[in-house]
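> Here is the input, now give the coordinates:
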Amino acid sequence: MEERTLDDRIGAQLGMTAHLMENHVNKTLAAHGLTNAQLRVLFLLQRYGEQTQKQLQERLHIQASTMNGLTASLEKRELIIKQAGKKDRRSSWVRLTGEGSAKEAALWRETEQLEEHLTDGLDDAERKQLLSALQRMQQKLKEG
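Numbers count the residues shown, from 1 in each chain. Sure thing, here's the model as predicted:
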């Protein structure tokens with residue numbers, strides 16, 4: 001019988017790396033009472049400004065029910081404001097509060113430092129090459 005190993009399978013290595021990185025980030029964010037998923041919402045609102053909940057959901061590639069939970073928890077903490085659309089009351093518009101913007105800025109710096117620490121064994125060329133390869137793989141997955 002053939003001996004199998006996941007050591008040389010890219011998908012397995014990416015999955016484990018992503019899992020371990022997410023654990024590190026979540027440990028850091030726990031001190032702020034946030035999760036990585038909540039932080040991604042704040043990052044996207046900072047990057048793109050006010051947007052519909054549906055736009056956020058599509059950018060995060062998550063289900064509507066998951067998005068509802070994220071926005072509810074962030075709204076409860078007064079980091080975002082969610083309002084019904086003026087033209088279409090069925091759509092919800094989401095934006096950062098002042099506190100949400102300040103929290104996002106501080107956590108952007110903190111997670112940037114964490115990422116630098118986690119990749120400190122790579123030189124600049126290796127980081128750029130890794131990032132480029134990951135972005136190409138993501139694009140392929142999005143295309144189906």
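> Just give me the neighbour total for Leu79.
24 (other CB atoms under 10 Å). The way it works is simple: take the backbone N, C-alpha and C, and place the C-beta from them, glycine included.
> got the contact list for the nearest residue to it once chain neighbours are set aside?
Residue nearest to Leu79 in three dimensions, not counting chain neighbours: Gly100, with 3.5 Å by CB to CB, 6 or more residues apart in numbering. Counting by CB atoms under 8 Å, 6 or more residues apart in numbering, Gly100 touches 42, 45, 74, 78-80.
> Next step: these restricted to helices.
Applying DSSP state H to those, the entries found in helices are 42, 45, 74.
> what's the distance between the last one and Gln38?
What it means is Leu74. Distance of Leu74 to Gln38, given as CB to CB, to the nearest Å: 6 Å.
> in what helix or strand does Val94 lie?
Per DSSP states H and E: Val94 is located in strand 92-96.
> residues of that strand that come out buried?
Neighbour-count burial for strand 92-96, with 16 or more other CB atoms under 10 Å as criterion, is recorded at 92-94, 96.
> Does Gly85 touch Lys54 like I think?
No - using CB atoms under 8 Å, Gly85 makes no contact with Lys54, being 10.3 Å away.
> which residues do these two both contact?
Ser91.
> Give me the spatial nearest neighbour of the most centrally placed residue in the chain, chain neighbours excluded.
With distances taken as CA atoms, centre = their mean, the residue of the chain nearest its centroid is Arg40 (3.4 Å). Counting by CB to CB, 6+ apart, Arg40 lies nearest to Leu60, which is 6.1 Å off, once chain neighbours are set aside.
> Surely Leu34 is within a helix?
No - using DSSP: H, G, I helix; E, B strand; the rest coil, the assignment for Leu34 is coil, not a helix.
> Now the phi/psi pair for it, please.
Main-chain dihedrals, Leu34, degrees, to the nearest 10: phi -120, psi 160.
> For it, which non-adjacent residue is closest in space?
Spatial nearest neighbour of Leu34, chain neighbours left out: Leu107 (7.3 Å); criterion: CB to CB, 6+ apart.
> In contact with the one you found: list those residues for me.
Leu107 neighbours (CB under 8 Å, 6+ apart): 29, 32, 34, 39, 42.
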